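**Student:** quick one: sequence and predicted model below, then my questions.
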Amino acid sequence: MVLSVTPQGGPLPNPIKVVGMGSAGIDYLAQVASYPKPDEKLRTERLEAQGGGNCGNALTAAARLGLSPWIVTKIGDDSLGDGIISEFQRDGVVTDCILRAPGAPSPFTYIIVDREGATRTCIHTPGEVFNPSELTLELINNALNDAALVYFDGRLTEAAVLLAKAARSRGIPVLAEGERLRPGLEDLLQEADYVVTSAHFPSNWTGEECQGNAIIKTFARLPKVKWMITTLGKNGSILLERRADNTGTTGESNSIKEGVAEDVFKNLFAEVEEKRSPRKEKTLRGCTSADGTEIFAGGVATTTTAIRLLLKQGISEKDSDVVASNAAAAAAAAAANADTGNSAAYASQLAPFQPPEAIVTVSQAAHLPDDAVLDTTGAGDAFIGSVLYCIATGKSPQHAQRLGAVVAARKCTALGARPGLPFRNDLAAALL
């Protein structure tokens, strides 16, 4: 059974079309008191079936915020596929660009939600491959006509690169997600105007152990990107933003301030924390969960002007080892039955590192009681759905950080990736 929530609040007065290409499937969520040991038998506390997949979840979040999302993906022609489409349609996600594979099963994921440890473990069964030849001109036109933005979750990369290039040729901005290493993802990231990464992706991609070094090396490898957000879960997010001239500078290059990225990030987070007090941290109530839990927007701090971001020396500056590191990460992903492919597909063509110049903004996670967090499945997708909304409606990336944190926190108060996603009228007007 596929569960859904009746839409509330409706679309924006002038609906804005956004497109997402990537994964959609069914999530089977088994909540247990604690994660099972080998050979152990235990009972579930709850078992639910819901729509899932990064792209599908993010577009559902965007639809509930008022956008008109279209999804490009491929599923089976089975009953699960029928349920996937029905749930999208109930949430206002347009399904005209979904391909059905005759005689094939739809993708699904078995998710073990550990209540005691507040973790979730995903076991994914993929569906049929989306072949680039299936991305016909008719499908491209249907998807991109009147689109304000195109989002890619990092899957279906061969076909996704083709759609991204088509979008760029039409002047449609591209948002790409770097969640984990996948074959062909680097080519897709090179087509992006905006990038959102997971906490661990920069380190996996660059081979840098120091988070600050990894983030700025990732940003430096993406010279077309206007801004990049790295999400850090309960620790908030970090935004690097280039200036409109794509340099990030505020004047003559030799007059720009410099700082070690790791220190800049830590100092900004410390600045936010220092300004907080039990009252100040609750100055903006972002929303209330279905069970009445109040969720408050976190604080932000910014450098205001661009800074040349330097590597922290003596930590793990080892560019010569990056390709080998990425190959090892790819092999580990394949061994774990993640997204298999040859390791060379992950290797980056390295250029000499040039310290990027960017305005830096850090944002705290939203504030809610620890015991209100039921399940973190899809929290990153909820954040990206908020980013889609902010780009499409012309809001700043700093606004996206704050809204995304609240939407992600609200999602975590319910089991599964979608039931906890808020609708427009659930959120404070200041966040929209």
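**Tutor:** Okay, I see it.
**Student:** going forward, measure contacts between C-alpha atoms and count neighbours the same way
**Tutor:** Noted.
**Student:** let's see stretch 155-165 as PDB, backbone CA atoms only.
**Tutor:** Taking C-alpha atoms only, stretch 155-165 is exported to PDB below (Å, rounded to 0.1, in the frame of the first residue of the first chain):
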ATOM      1  CA  ARG A 155      21.400   9.100 -10.900                       C
ATOM      2  CA  LEU A 156      20.700   8.000 -14.500                       C
ATOM      3  CA  THR A 157      23.800  10.000 -15.300                       C
ATOM      4  CA  GLU A 158      24.300   9.200 -19.000                       C
ATOM      5  CA  ALA A 159      20.800  10.300 -19.900                       C
ATOM      6  CA  ALA A 160      20.900  13.100 -17.200                       C
ATOM      7  CA  VAL A 161      24.000  14.700 -18.900                       C
ATOM      8  CA  LEU A 162      22.100  14.900 -22.200                       C
ATOM      9  CA  LEU A 163      19.100  16.600 -20.500                       C
ATOM     10  CA  ALA A 164      21.300  19.000 -18.600                       C
ATOM     11  CA  LYS A 165      23.100  20.000 -21.800                       C
END
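**Student:** show me what counts as buried in it.
**Tutor:** 155, 156, 157, 158, 159, 160, 161, 163, 164, 165 (16 or more other Cα atoms under 10 Å).
**Student:** if I pick the second one, what's in contact with it?
**Tutor:** Residue 156 makes contacts with 21, 22, 23, 129, 130, as judged by Cα atoms under 8 Å, 6 or more residues apart in numbering.
**Student:** contacts for the one helix or strand residue 168 maps to next, please.
**Tutor:** Assigned by DSSP states H and E, residue 168 falls within helix 157-169. With contact meaning Cα under 8 Å, 6+ apart, helix 157-169 is reached by 21-22, 130-133, 135, 140, 144, 150, 152, 154, 173-174, 183-185, 187-188, 191-192.
**Student:** how about 6 Å then?
**Tutor:** 132, 184, 188 (Cα atoms under 6 Å, 6 or more residues apart in numbering).
**Student:** stretch 86-101 too?
**Tutor:** The contact list for stretch 86-101 (Cα under 6 Å, 6+ apart) reads 7, 63, 69, 70, 72, 73, 74, 75, 76, 77.
**Student:** of the residues you listed, which is the most crowded?
**Tutor:** Counting neighbours by other Cα atoms under 10 Å, residue 63 leads the contacts of stretch 86-101 with 32 neighbours.
**Student:** re the thing from before, could you dump the buried residues of stretch 155-165 into CSV with pLDDT added?
**Tutor:** Below are the buried residues of stretch 155-165 laid out as CSV (pLDDT from 0 to 100):
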residue, pLDDT
155, 96
156, 96
157, 96
158, 96
159, 98
160, 98
161, 98
163, 99
164, 99
165, 98
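**Student:** can you pull out the helices in the chain?
**Tutor:** Ranges of helices in the chain, per DSSP state H, are 54-64, 79-91, 137-144, 157-169, 185-189, 201-206, 211-220, 261-275, 322-335, 379-392, 397-411.
**Student:** same list (the ones you listed) but as a markdown table, adding distance to residue 371.
**Tutor:** Below are these laid out as a markdown table (distance: least, Cα to Cα, whole Å):
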| stretch | distance to residue 371 |
| --- | --- |
| helix 54-64 | 23 |
| helix 79-91 | 28 |
| helix 137-144 | 42 |
| helix 157-169 | 38 |
| helix 185-189 | 36 |
| helix 201-206 | 28 |
| helix 211-220 | 28 |
| helix 261-275 | 22 |
| helix 322-335 | 32 |
| helix 379-392 | 16 |
| helix 397-411 | 12 |
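**Student:** quickly, which of the ones you listed bottoms out on average pLDDT?
**Tutor:** For those, mean pLDDT drops lowest on helix 322-335, to a mean of 51.
**Student:** now do stretch 290-301: distance to the chain's middle.
**Tutor:** Centre-to-centre, stretch 290-301 and its host chain are 20 Å apart (Cα atoms, centre = their mean, to the nearest Å).
**Student:** start to end distance for stretch 18-38?
**Tutor:** The first and last residues of stretch 18-38 sit 44 Å apart, counting by Cα to Cα, to the nearest Å.
**Student:** number the chain from 36, please
**Tutor:** Yes, from this point I'll number from 36; that puts the last item at stretch 53-73.
**Student:** give me the contacts around it.
**Tutor:** Residues contacting stretch 53-73 (Cα under 6 Å, 6+ apart): 79-91, 104-108, 142-151, 182-188, 190.
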